[in-house]
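Engineer: sequence unavailable; structure follows:
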DNA sequence: CAGGAGCTTTGATCTGCGTCAACGTGAACT
DNA sequence: AGTTCACGTTGACGCAGATCAAAGCTCCTG
């Protein structure tokens, strides 16, 4: 079927949830120290996924969800004719695989955009722990709900925004997520190609490229290939609210 | 704030989950009779929502999710400038309000498209019962996951399909859902306007209207105002696969 | 049953983004 | 240092769907 990195059993608990610096962004958010110790039992396998490799594919049996420890992913759905809809970009602390719960098969592909490492969370066990730890149960529900809200945001992008609004919203969203992870919100490297951005935003790569150039001409950002510097956050935000009728 | 129908305490258990004819579509799906009896304790308020009224609004505090007992809803997000993105249409047996879990505020509006009745499911209590009834917990997770998968489908509609493909997909989706509820999959009344369909599909109402007319000219459907008759299901399906490059 | 409001249909025209094409750029090889 | 290849930029042109406009249909209300 498909090449899959060998699962990696944890040699120690040094990197267990309780010690992980992502714990306040990730699934263990808001758990007490005692509860956190319980959670350390849950995550006992980690998996390395090299750039370009699939973490899972559409149609794969669903058994686990994944928390990104390091790296960057995209999820996409492919049509028979080869067209691709990128449904999201995920970074450290975010959860992958929630789509598989409903049918017990994954319904999209998850592909690493850089060398990455994920914590494998066996779903049946997560449900067991959730029944014991109310805070975990509740937080997991929040994670799923957040994904639904995020999807609604993407629908708005795709349904009612024009090209430049979409790209501005995209940049601002990345910016915030980098900030939340302690990185610069104004200067970062894109991990995805123009084509992937376009596929996410419902645009062609040429349109994405032109919009980047336009933003640069207007002094909103500085772009050099994948390197982005945001010079005028408010200017970008204004693009979102200043919508022509 | 906003007008709200008075909650309706159940006078009897005649319409409790265990007796409800939607139980195999709705939250109680797959529960044992004993578990079903437990669930009857959970749903003790029902609410009537007249056509055009809001079940909840964006910004309202989140306390409950809702199972549609009868009727038809839309959910939407409004932009300051008045533009609307319809994020979904919901019918009997489907669950509303999952978006509110993440922030404890609703992030969209839910509006009845016909006089409707919903079962109010206090969310904190649902979580309590979920911790006791594994099958309920698991099914609730499936419901949330299904919503995520559905959203991905909408992204594909909006991101990569052309106008007629979107409308065909929309009609086929409605058709299946009516079938699952024991109604004719080939003849039904739309509860939403052309404008609402357009807003859902990322199209203008004129484009929706034209696409309906074209489908009719091609003998795929018969349309008269809100009444739809599907004459050639396979023809509609073919529209989805026969995508031009 | 007249008048009007809301929705739908249809035609004419416009435009934002897609498409096609050519060229530029940088990183990873030899 | 030169070659290659994937990715990005830019320009010219075309088209799907938006916009503008007008008229028709249905169902309400007085």
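Structural biologist: That came through, no problem. Given the structure is predicted, the values throughout are model-derived calculations rather than measurements.
Engineer: show me where chain A has its helices.
Structural biologist: A:33-42, A:123-132, A:134-160, A:163-180, A:194-201, A:205-217, A:233-241 (DSSP state H).
Engineer: which residues of chain A lie near DNA strand D?
Structural biologist: A:190, A:193-195, A:205-206, A:208-210, A:212-213, A:223, A:225-226 (C-beta under 7 Å from any atom of the strand). Quick note: C-beta positions are derived from backbone N, CA and C, even for glycine.
Engineer: could you redo the last one with a cut-off of 6 Å?
Structural biologist: A:193-195, A:205-206, A:209-210, A:212-213, A:223, A:225-226 (C-beta under 6 Å from any atom of the strand).
Engineer: buried only: go through the residues you listed for me.
Structural biologist: Buried subset of these (neighbour count, 16 or more other C-beta atoms under 10 Å in any protein chain shown): A:194-195, A:209, A:212.
Engineer: so where is chain A shaky, pLDDT-wise?
Structural biologist: Residue ranges of chain A with pLDDT under 70: A:1-15, A:242-245.
Engineer: spell out for me which residue occupies the centre of it.
Structural biologist: Nearest to the mean C-alpha position of chain A, by C-alpha atoms, centre = their mean, lies residue A:90 at 1.3 Å.
Engineer: centre of the chain to stretch A:219-228, how far?
Structural biologist: What separates the centre of stretch A:219-228 from the centre of its chain is 22 Å, taken as C-alpha atoms, centre = their mean, to the nearest Å.
Engineer: what's next to it, contact-wise?
Structural biologist: Residues from elsewhere that reach stretch A:219-228, judged by C-beta atoms under 8 Å, 6 or more residues apart in numbering or on different chains: A:171, A:187-191, A:212-213, A:215-216, A:229-232, A:235-236, A:239.
Engineer: measure residue A:143 to residue B:173 for me?
Structural biologist: 27 Å (C-beta to C-beta, to the nearest Å).
Engineer: sorry, that was for residue A:239
Structural biologist: Using C-beta to C-beta, we find residue A:239 at a distance of 33 Å from residue B:173.
Engineer: higher neighbour count, the two?
Structural biologist: Set residue A:239 next to residue B:173 and count neighbours by other C-beta atoms under 10 Å in any protein chain shown: residue A:239 wins out with 22 against 15.
Engineer: count of neighbours near the closest residue in space to that one that isn't next to it in sequence?
Structural biologist: Excluding its sequence neighbours, the residue lying closest to residue A:239 (C-beta to C-beta, 6 or more residues apart in numbering or on different chains) is residue A:168, at 4.3 Å. By other C-beta under 10 Å, 21 other residues sit near residue A:168.
Engineer: residue A:168 contacts residue A:241, correct?
Structural biologist: No - Residue A:168 is beyond contact range of residue A:241, at 10.3 Å (criterion: C-beta atoms under 8 Å).
Engineer: which strand residues bridge the residue nearest to the centre of chain A?
Structural biologist: For residue A:90, the beta-bridge partners under DSSP bridges are residue A:73.
Engineer: hmm, back to that, reformat the residues of chain A next to DNA strand D as CSV; add distance to residue A:100.
Structural biologist: Converted to CSV, those look like this (distance: C-beta to C-beta, whole Å):
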residue, distance to residue A:100
A:193, 26
A:194, 29
A:195, 26
A:205, 29
A:206, 34
A:209, 34
A:210, 37
A:212, 34
A:213, 39
A:223, 36
A:225, 35
A:226, 30
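Engineer: can you tell me which of those residues is nearest DNA strand C?
Structural biologist: Set against DNA strand C, the nearest of the residues of chain A next to DNA strand D by C-beta to the nearest atom of the strand is residue A:206 (4.0 Å).
Engineer: measure the closest one to residue A:189 for me?
Structural biologist: 22 Å.
Engineer: you'd agree residue A:184 is up against residue A:174?
Structural biologist: No - with contact defined as C-beta under 8 Å, residue A:184 does not reach residue A:174; the gap is 11.2 Å.
Engineer: domains in chain A, as residue ranges please.
Structural biologist: A:8-134, A:161-241 (automatic domain parsing).
Engineer: can you give me the end-to-end distance of the last one?
Structural biologist: For domain A:161-241, the first and last residues are 11 Å from each other (C-alpha to C-alpha, to the nearest Å).
Engineer: got a list of what the residue nearest to the centre of chain A touches?
Structural biologist: A:68, A:72-75, A:96, A:110.
Engineer: which of these lies closest to residue A:126?
Structural biologist: Nearest to residue A:126 among the contacts of residue A:90 is residue A:96, at 13.4 Å by C-beta to C-beta.
Engineer: pretty sure the closest one is touching residue A:72, no?
Structural biologist: No - with contacts counted by C-beta under 8 Å, residue A:96 stays clear of residue A:72, the gap being 11.3 Å.
Engineer: related to what we said a few turns ago, out of the helices of chain A, which gets nearest to residue A:49?
Structural biologist: Using C-beta to C-beta, the helices of chain A put helix A:194-201 closest to residue A:49, at 16.7 Å.
Engineer: quick one: stretch A:43-56 to chain centroid distance?
Structural biologist: With C-alpha atoms, centre = their mean, you get 14 Å for stretch A:43-56.
Engineer: run a quick neighbour tally on the nearest residue to residue A:157 once chain neighbours are set aside.
Structural biologist: Spatial nearest neighbour of residue A:157, chain neighbours left out: residue A:166 (5.0 Å); criterion: C-beta to C-beta, 6+ apart. Residues near residue A:166, counting by other C-beta under 10 Å, number 26.
Engineer: same question for residue A:216.
Structural biologist: The burial count assigned to residue A:216 is 16, neighbours taken as other C-beta under 10 Å.
Engineer: report the beta-bridge partners for the nearest residue to it once chain neighbours are set aside.
Structural biologist: The spatial neighbour of residue A:216 that comes closest, neighbours along the chain excluded (C-beta to C-beta, 6+ apart), is residue A:223 at 5.3 Å. Going by DSSP bridges, residue A:223 is paired in beta bridges with residue A:228.
Engineer: any idea how far residue A:168 is from residue A:223?
Structural biologist: Residue A:223 is 13 Å from residue A:168, by C-beta to C-beta.
Engineer: return every residue with contacts to both of these two.
Structural biologist: Common contact partners of residue A:223 and residue A:168 (C-beta under 8 Å, 6+ apart): residue A:215.
Engineer: what residues does chain A put near DNA strand C?
Structural biologist: Close to DNA strand C, as judged by C-beta under 6 Å from any atom of the strand, chain A has residues A:162-163, A:203-204, A:206-207, A:225.
Engineer: now, of those residues, which are buried?
Structural biologist: Judged by 16+ other C-beta under 10 Å, buried ones among the residues of chain A next to DNA strand C: A:163, A:203, A:207.
Engineer: closest to DNA strand D among these?
Structural biologist: For these, the nearest to DNA strand D is residue A:207 (8.0 Å; C-beta to the nearest atom of the strand).
Engineer: just to check, the closest one is in contact with residue A:198?
Structural biologist: Yes - between residue A:207 and residue A:198 there is a contact at 6.6 Å, judged by C-beta under 8 Å.
Engineer: now do the shared contacts for those two.
Structural biologist: Counting by C-beta under 8 Å, 6+ apart, no residue touches both residue A:207 and residue A:198.
Engineer: show me which residues of stretch A:49-62 are buried.
Structural biologist: Neighbour counts over stretch A:49-62 (16+ other C-beta under 10 Å) mark A:49, A:53-58, A:60, A:62 as buried.
Engineer: got the contact list for residue A:86?
Structural biologist: Residue A:86 makes contact with A:74-76, A:192, A:196, A:199-200, according to C-beta under 8 Å, 6+ apart.
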